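Asks: Would you be able to build a 3D model of this:
(one chain, ligands or ions: 1)
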Amino acid sequence: MYRKKIVAGNWKMNGSVTKNVQLVSALTQSAPDNIEIILAPPALYLSGVKAQLMGSSIALAGQNVAAEGQAGAYTGEISAQMFADIGVSYAIVGHSERRQYYAETDSLVAKKCLRLREQGLKPIICVGESLAERESGQAEAVVSRQLKAVIDYCGVELLADAILAYEPVWAIGTGKTATPHDAQAIHAFLRQLVTIYDKNIANYLPILYGGSVKADNAASLFSMPDIDGALVGGASLVAQDFLAICHAAKASMVG
Ligand code: PEP
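Replies: Numbering: from 1, shown residues only. This next block holds a predicted model:
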């Protein structure tokens, strides 16, 4: 099954006008072709980064989106329609930091996915277990619950235009990476789960791994059959590190 590799950089609450210009300029100069590269800067910087990306195939993602569909009195929120309006193609939903620090529930994540689909945006849906959940043998149950909430609310068809990201919470920003074998096991489990609903959608669904992906562990992760790329946090802020991950993704497709 051919699936193009995808590398997405989640800048989180980092960046400045000056730093963004330097980072994006380095990326546009040396990014490999034939893989999908997505950048998720803070929403405030999306338009500036978009202008800099003119003529490049690098796509943009929001880091979050409002669960409300209609414009209105929702102070601080940014709707899917607004992202579509400025030419953003994706948005991250269900990131563990949103689940942990902003009490986002499975059902809220599902609503956000629907809002994105209504506007023709693709969700990057994050799922992942905590360390305690992994150690008590619940990793599969947790990611299955998180993904099923989206499928049950939006329909499996949503996954025909979505990216799934497996991000074990214990590996995010900690320097601990799941072994390629452990990550592959959960990716295969997730794909199998989608197969129960729709085999074709499951076959084409890109499943990214996220959690301390760096230049030196990317190639071994990308060599796994169900790991279709990476969602990168910390290393996406350093041009040469992010580029090395992108080049590892490209090399894994050639090899
Ligand atoms: C993330 O926040 O999605 C992430 C994977 O972060 P890091 O690469 O820093 O672990």
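
Asks: residues touching the nearest residue to residue 109 once chain neighbours are set aside, list them.
Replies: Leaving aside its sequence neighbours, residue 109 sits nearest to residue 94 (C-beta to C-beta, 6 or more residues apart in numbering; 4.0 Å). (Glycine included, C-beta is placed from N, CA and C.) When contacts are counted by C-beta atoms under 8 Å, 6 or more residues apart in numbering, residue 94 touches 104, 106, 109, 112, 125, 126, 127, 146, 150.

Asks: Let's see that with 10 Å instead.
Replies: By C-beta atoms under 10 Å, 6 or more residues apart in numbering, the residues touching residue 94 are 64, 104-106, 108-110, 112-113, 123-128, 146-147, 149-150, 164-165, 167.

Asks: how close does it get to the ligand?
Replies: 11 Å (C-beta to the nearest ligand atom, to the nearest Å).

Asks: And residue 45, by the same measure?
Replies: To the ligand, residue 45 is 17 Å away according to C-beta to the nearest ligand atom.

Asks: Now do the same contact list for that residue.
Replies: Per C-beta under 10 Å, 6+ apart, neighbours of residue 45: 11, 14, 15, 16, 17, 19, 20, 24, 39, 52, 60.

Asks: how about the strands in this protein?
Replies: For the chain, the strands defined by DSSP state E cover 6-10, 36-40, 59-62, 90-93, 122-127, 163-166, 207-210, 229-232.

Asks: Buried deepest among those strands, which one?
Replies: Highest mean neighbour count among the strands of the chain (mean count of other C-beta atoms under 10 Å): strand 229-232, with a mean of 29.

Asks: Can you pull the residues of this protein lying near the ligand?
Replies: 10, 167, 172-173, 210-213, 231-235 (C-beta under 6 Å from any ligand atom).

Asks: List the residues that contact the closest residue to the ligand within the stretch 151-255 of the chain.
Replies: Taking C-beta to the nearest ligand atom, the ligand has its nearest neighbour within the stretch 151-255 of the chain at residue 233, 2.1 Å off. Residue 233 sits next to 8-12, 14, 40, 95, 97, 167, 172-173, 210-213 when contact means C-beta under 10 Å, 6+ apart.

Asks: Confidence-wise, which of those comes last?
Replies: Among the contacts of residue 233, residue 173 has the lowest pLDDT, at 84.

Asks: Relative to the ligand, how far out is residue 31?
Replies: Residue 31 is 18 Å from the ligand, by C-beta to the nearest ligand atom.

Asks: Please work out how many residues are found near that residue.
Replies: Residues lying near residue 31 (other C-beta atoms under 10 Å) number 19.

Asks: shaky segments in this structure?
Replies: Counting by pLDDT under 70, the chain has low-confidence residues at 1, 254-255.

Asks: for it, which helix is longest?
Replies: In the chain, taking DSSP state H as the definition, the longest helix is helix 180-197.
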